[in-house]
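>>> here is the input, now give the coordinates:
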Amino acid sequence: MTQHSVSIRDLSLNFGNVKVLEHLDLDIAQGEFIVLLGPSGCGKSTLLNCIAGLLDVSDGQIFIGGKNVTWEEPKDRGIGMVFQSYALYPQMTVERNLSFGLRVAGMKKDEIERRVARAAEILQIQPLLNRKPVELSGGQRQRVAIGRALVRDVDVFLFDEPLSNLDAKLRSDLRVEIKRLHQRLKNTMIYVTHDQIEALTLADRIAIMKNGVIQQLSDPHTIYNKPVNLYVAGFIGSPSMNFLQGTLDGTTFTAEDGTVIPVGTYQFTTPVTGATKAVLGVRPEHVVLGDEVARMPYSTEVEIEIVEPMGSDTLAWTKIAGQAVTFRVDSDVHLEVGQKLRIGFDPARGSIFNKETTNRV
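A predicted model of the protein is given here:
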């Protein structure tokens, strides 16, 4: 049996009559990087705070390293936590911020020095040790906050949206640093974010949450290419997946305006009997033009309505079967508003959902 670093069993949390988490189960393997992803209010930070011991659960159990810690104090759970707000002591130097928790715990001086030196070396903050937080940039402060979790030398690190206060360039740099940190330390990391790029780039597995329930828990490739329902499909991907409304009958999808799209190449997860209201989803980058169109099971002539140059590529807006569709092309492909051209796609790379249940078929 795999050694689980963190196990959550039938966890529920209510604030009064409001159910925030309901009967939630989650197993996280030793050394795994799990990202909890979802919009504001989906319960991801609440779940993290339950694991940390900052919130008392209403029902269920939490195990860390095989030990039931459901009612343990945060300091006794073997976790290090990094918050969005850094939470540094302004009057203390970086070195004192890093060592404060260890000094309070009564650790020996030479052991404290060894741990602080190691954390400073890993995070490349040695030159900052004598500065105070006010003298640091946002990125440097966040490194110190991560360092404060690192010195605890624990098995599990919890990150609560640690990069959301930083500008785009810095976020991207620190994201790489966190990935490097995980590869070096091989500790279990649980990371909360609403940023799908962070989730896709960092995670071994992503848990996509909605209303306190995990909708899908899988690796980034599966989440992106085989979303389990309409919610996951619409949430992951930027620009988001195109959705065509219609009816599915056997291997034929008929859009609302009568346009017929053959979907014989699609791999169904469940057999569909009779005509069923359905939604056909296609990612913008899976729509092709030019020579490739001839090889696609479905193609149609369209007119370009909007062109958005994005630097490395270009997004174009048009309509298929009377419904808005965007597609992505290389930036060296020149498109103009009003231009007519033929585009196509292979439903094998798409996703089909039952309109009523919203689940993948």
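
>>> who does His4 form a beta bridge with?
Ala29 (DSSP bridges).

>>> repeat that for the one 4 residues further on.
On DSSP bridges, the residues paired with Ile8 through beta bridges are Leu26, Ile62.

>>> show me what the longest helix seen in the chain is packed up against.
Longest helix of the chain, by residue count under DSSP state H: helix 168-185. Helices and strands touching helix 168-185, by 3 or more Cβ pairs under 8 Å, 6 or more residues apart in numbering; DSSP states H and E, are helix 109-122, helix 138-150, strand 188-193, helix 196-202. In short, each C-beta sits where N, CA and C put it, glycine included.

>>> which stretch in these has the least confidence?
When the helices and strands packed on helix 168-185 are compared on mean pLDDT, helix 138-150 scores lowest, with a mean of 88.

>>> and the contacts of that one?
Applying Cβ atoms under 8 Å, 6 or more residues apart in numbering, the contact partners of helix 138-150 are 80-83, 86-88, 94, 97-98, 100-101, 116, 118-120, 122-125, 128, 133, 136, 157, 162-163, 165-167, 170, 173-174, 177-178, 181, 185.

>>> which of the residues you listed are buried, as a PyMOL select command?
In PyMOL, this line selects whichever of the contacts of helix 138-150 come out buried by 16 or more other Cβ atoms under 10 Å:
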select buried, resi 80+81+82+83+86+88+94+97+98+100+101+116+119+120+122+123+125+128+133+136+157+162+163+166+170+174+177+178+181
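
>>> hey, where'd the strands end up in the stretch 251-361 of the chain?
252-255, 260-262, 276-282, 288-289, 298-303, 306-309, 313-320, 323-330, 340-345, 351-354 (DSSP state E, counting those that start in this stretch).

>>> quick one: the last one to chain centroid distance?
In this case it means strand 351-354. Mean-position distance between strand 351-354 and its chain equals 22 Å (Cα atoms, centre = their mean, to the nearest Å).

>>> and Pro239, what is it in contact with?
By Cβ under 8 Å, 6+ apart, the contact list for Pro239 reads Pro284, Leu315, Thr326, Arg328.

>>> show the pLDDT at the last one.
What that stands for is Arg328. In the predicted model, Arg328 carries a pLDDT score of 95.

>>> which residues touch the residue nearest the centre of the chain?
By Cα atoms, centre = their mean, the chain has its centre lying nearest to Ala199, at 2.9 Å. Contacts for Ala199 were tallied using Cβ under 8 Å, 6+ apart; they are Val35, Leu37, Thr193, Ile206, Pro220.

>>> and with 7 Å instead?
Val35, Leu37, Thr193, Ile206 (Cβ atoms under 7 Å, 6 or more residues apart in numbering).

>>> out of those, who has the most neighbours?
Ile206 (29 neighbours; other Cβ atoms under 10 Å).

>>> looking at this, that one is in a strand?
Yes - looking at Ile206 with DSSP: H, G, I helix; E, B strand; the rest coil, it is inside a strand.

>>> helix/strand/coil for the closest residue to Pro133 other than its chain neighbours?
The shortest distance from Pro133 to any non-neighbouring residue, by Cβ to Cβ, 6 or more residues apart in numbering, is to Leu88 (4.4 Å). Three-state call for Leu88 (three-state DSSP): coil.

>>> winner for burial among the strands of the stretch 251-361 of the chain?
strand 351-354 (a mean of 22; mean count of other Cβ atoms under 10 Å).

>>> who are the packing partners of it?
Contacting strand 351-354 under the criterion 3 or more Cβ pairs under 7 Å, 6 or more residues apart in numbering; DSSP states H and E are the following elements: strand 276-282.

>>> now the strand it packs on against strand 313-320, angle please.
Angle, strand 276-282 to strand 313-320, by axes from the mean of the first three to the mean of the last three Cα atoms, to 10 degrees: 150 degrees.

>>> which residues touch strand 276-282?
230, 233, 241-248, 253, 261, 345, 347, 350-356, 361.

>>> partner strands of that strand and their direction?
Within its sheet, strand 276-282 is paired with strand 242-249 (antiparallel), strand 351-354 (antiparallel), according to DSSP bridges.

>>> closest to Lys44 out of these?
strand 351-354 (23.6 Å; Cβ to Cβ).

>>> quick one: average pLDDT of that closest one?
pLDDT averaged over strand 351-354 gives 96.

>>> so what touches that strand?
With contact meaning Cβ under 7 Å, 6+ apart, strand 351-354 is reached by 227, 229-230, 233, 248, 263, 266, 276, 278-281, 359-361.

>>> cheers, nothing more for now.
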